[in-house]
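Asks: For reference, the sequence and a predicted model appear below.
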Protein chains: 2
Amino acid sequence: MTEKLSAESLDAAMALLPHWSHDAAQDRITRQFKFGDFSQAFAFMTRVALAVEKADHHPDWSNVYNKVTISLSTHDAGGISQKDIHLAKKIDALAD
Amino acid sequence: MTEKLSAESLDAAMALLPHWSHDAAQDRITRQFKFGDFSQAFAFMTRVALAVEKADHHPDWSNVYNKVTISLSTHDAGGISQKDIHLAKKIDALAD
């Protein structure tokens, strides 16, 4: 069972994820990525797909042409867990 | 310039796309696909990505685990054009 982060732990984690925002209403974290074109965006999505499958933790994500929006939360925990923070950092590294 | 389909042409086209629905408010067509797991869903997305890049016509699409939702419209035409109908048929063929 993965635990939902406390408000304090979440604040501390989000301070290290400046490109991500916390959607309190839906209790998830979200980042939008922008690329040069669809080909670049989907190349990134493919790398993210491999990472999320490996982590066995899957995002709610969408794409329109060169933009990719990724939202993370942990259903079992009823909110944001350490799994989401780990995955957000991994996704950030792929986007650099 | 790609022309928006007339209401009659759109009705005729939609009759041949029974799994797609016309969202009149946003003037786009949408279909949801469901697979066994994320791996199957992303394999489908990869094939769709190649098809849409080849057609140079890109969807607004999203994925959550085993579900993929694809919406098509033609921005230049201000609605649904023949390009969307062609692409919907191609995507249907990939899902079979």
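Replies: On my side now, so go ahead. These numbers come from a predicted model, not from an experiment.
Asks: Could you give me the buried positions within whichever strand or helix holds residue A:42?
Replies: Using DSSP states H and E, residue A:42 falls within helix A:38-55. Neighbour-count burial for helix A:38-55, counted by 16 or more other Cβ atoms under 10 Å in any protein chain shown, picks out A:38, A:41-42, A:44-45, A:48-49, A:51-52. For glycine as for every other residue, the C-beta is placed from the backbone atoms N, C-alpha and C.
Asks: Closest approach to chain B from chain A, which residue is it?
Replies: Closest approach between chain A and chain B, counting by Cβ to the nearest Cβ: residue A:62, at 3.7 Å.
Asks: Tell me if that residue really is in a strand.
Replies: Yes: the assignment for residue A:62 (DSSP: H, G, I helix; E, B strand; the rest coil) places it in a strand.
Asks: Quick check: chain neighbours aside, which residue is closest to it?
Replies: residue B:62 (3.7 Å; Cβ to Cβ, 6 or more residues apart in numbering or on different chains).
Asks: residue contacts, the one you found?
Replies: A:60-63, B:68-69 (Cβ atoms under 8 Å, 6 or more residues apart in numbering or on different chains).
Asks: where along chain A do the strands fall?
Replies: Applying DSSP state E to chain A gives strands spanning A:21-23, A:28-34, A:60-64, A:67-72.
Asks: Can you add distance to residue B:10 and mean pLDDT and give the ones you listed back as TSV?
Replies: Below are the strands of chain A laid out as TSV (distance: least, Cβ to Cβ, whole Å; pLDDT from 0 to 100):
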stretch	distance to residue B:10	mean pLDDT
strand A:21-23	35	96
strand A:28-34	32	98
strand A:60-64	22	98
strand A:67-72	27	98
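Asks: would you turn the ones you listed into JSON lines with distance to residue A:93?
Replies: What follows is those, written out as JSON lines (distance: least, Cβ to Cβ, whole Å):
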{"stretch": "strand A:21-23", "distance to residue A:93": "19"}
{"stretch": "strand A:28-34", "distance to residue A:93": "12"}
{"stretch": "strand A:60-64", "distance to residue A:93": "17"}
{"stretch": "strand A:67-72", "distance to residue A:93": "13"}
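Asks: Flag every residue of chain A that's near chain B.
Replies: By Cβ under 8 Å from any Cβ of the partner chain, the part of chain A that sits against chain B consists of A:38-39, A:42, A:45-46, A:49, A:52-53, A:58-65.
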